[in-house]
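[1] Following is a predicted model, sequence given first.
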Amino acid sequence: MALTRYTLDSVRSCVWVSGRSSLHPINTETRGITGWLEADTRADGSLDLDQTVSGELELAVERLTSGNALYDRELRRRMDARRYPTIAGRLTGITFGDAHPDYMVTGEISFHGKTKTFKHGMQISVHEEGIALTGDDVFDIREFGMKPPSMLMVRVYPEITVRVELHGVRDASR
């Protein structure tokens, strides 16, 4: 049986990053995620994990903006955005969670020149229009060799919460 390929809708898909500083919260909402997911589904709408499930996504670092030009400039400098212009993710494994649509997703995230493996819960729903994947987790940017930004007397804490909402549409060319 042929797997269905879903192409991420870069307009509808979004990543939210929330951080904290000694002064106030720092939040971003970013669109422009590109990528794909290949999977097969069962009659009940759950993923058929007897078949290979694979996927990749990418986000240009320049798209991450907080609305504060000073923070954004310092963040891009610390991220070394010219040298590492993208954040990439690759799905390496998936298992069922407690109940459909909950899954445990294992993947690699490449950021700031380092690739780390993470395992996180996600909700994945297949519907007539395509597929939706949502999830969130806390990351420590120091795990990627990045020092938290600091400006004047403002300290930015290294833990960030990342929430993703990905929407894929069936690739009609396959």
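    Done, it's in.
[2] Could you use CA atoms for every contact and neighbour count after this?
    Noted.
[3] Please identify the buried residues of the helix or strand where residue 29 lies?
    Using DSSP states H and E, residue 29 sits within strand 25-31. The neighbour-count check on strand 25-31 (16 or more other CA atoms under 10 Å) flags 26, 27, 28, 29, 30, 31 as buried.
[4] Mind listing the strands the helix or strand bottoming out on mean pLDDT in the chain pairs with, and their directions?
    The least trusted helix or strand in the chain, going by mean pLDDT, DSSP states H and E, turns out to be strand 150-151, with a mean of 71. Sheet pairing for strand 150-151, assigned by DSSP bridges, gives strand 154-155 (antiparallel).
[5] Please work out which residues outside the partner strand touch it.
    Residues from elsewhere that reach strand 154-155 (CA atoms under 8 Å, 6 or more residues apart in numbering): 21, 22, 23, 148, 149.
[6] filter the residues you listed to the buried ones?
    Of those, these count as buried by 16+ other CA under 10 Å: 148, 149.
[7] ok, how many other residues are close to residue 41?
    The number of residues packed near residue 41 is 16, by other CA atoms under 10 Å.
[8] which secondary structure elements does the helix or strand that residue 76 is a member of contact?
    Using DSSP H and E, residue 76 sits within helix 69-79. Packing partners of helix 69-79 (3 or more CA pairs under 8 Å, 6 or more residues apart in numbering; DSSP states H and E): none among the helices and strands.
[9] give me that answer again for 10 Å
    strand 150-151 (3 or more CA pairs under 10 Å, 6 or more residues apart in numbering; DSSP states H and E).
[10] which residues touch the strand it packs on?
    21, 22, 70, 71, 74, 75, 78, 156, 157 (CA atoms under 10 Å, 6 or more residues apart in numbering).
[11] follow-up on the earlier one: the strand holding residue 29 pairs with which strands?
    strand 14-20 (antiparallel).
[12] List the buried residues of stretch 11-22.
    13, 14, 15, 16, 17, 18, 19, 20.
[13] Alpha carbons only: can I get it in CSV?
    In CSV, the C-alpha atoms belonging to stretch 11-22 read as follows (Å, rounded to 0.1, in the frame of the first residue of the first chain):
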residue,chain,number,x,y,z
VAL,A,11,0.7,29.7,6.1
ARG,A,12,-1.4,27.7,8.6
SER,A,13,1.4,25.9,10.4
CYS,A,14,2.8,27.8,13.3
VAL,A,15,5.4,27.6,16.1
TRP,A,16,5.1,29.6,19.3
VAL,A,17,8.2,30.1,21.4
SER,A,18,7.8,31.4,24.9
GLY,A,19,10.7,32.5,27.1
ARG,A,20,11.2,34.5,30.2
SER,A,21,13.6,37.3,31.2
SER,A,22,14.2,38.9,34.5
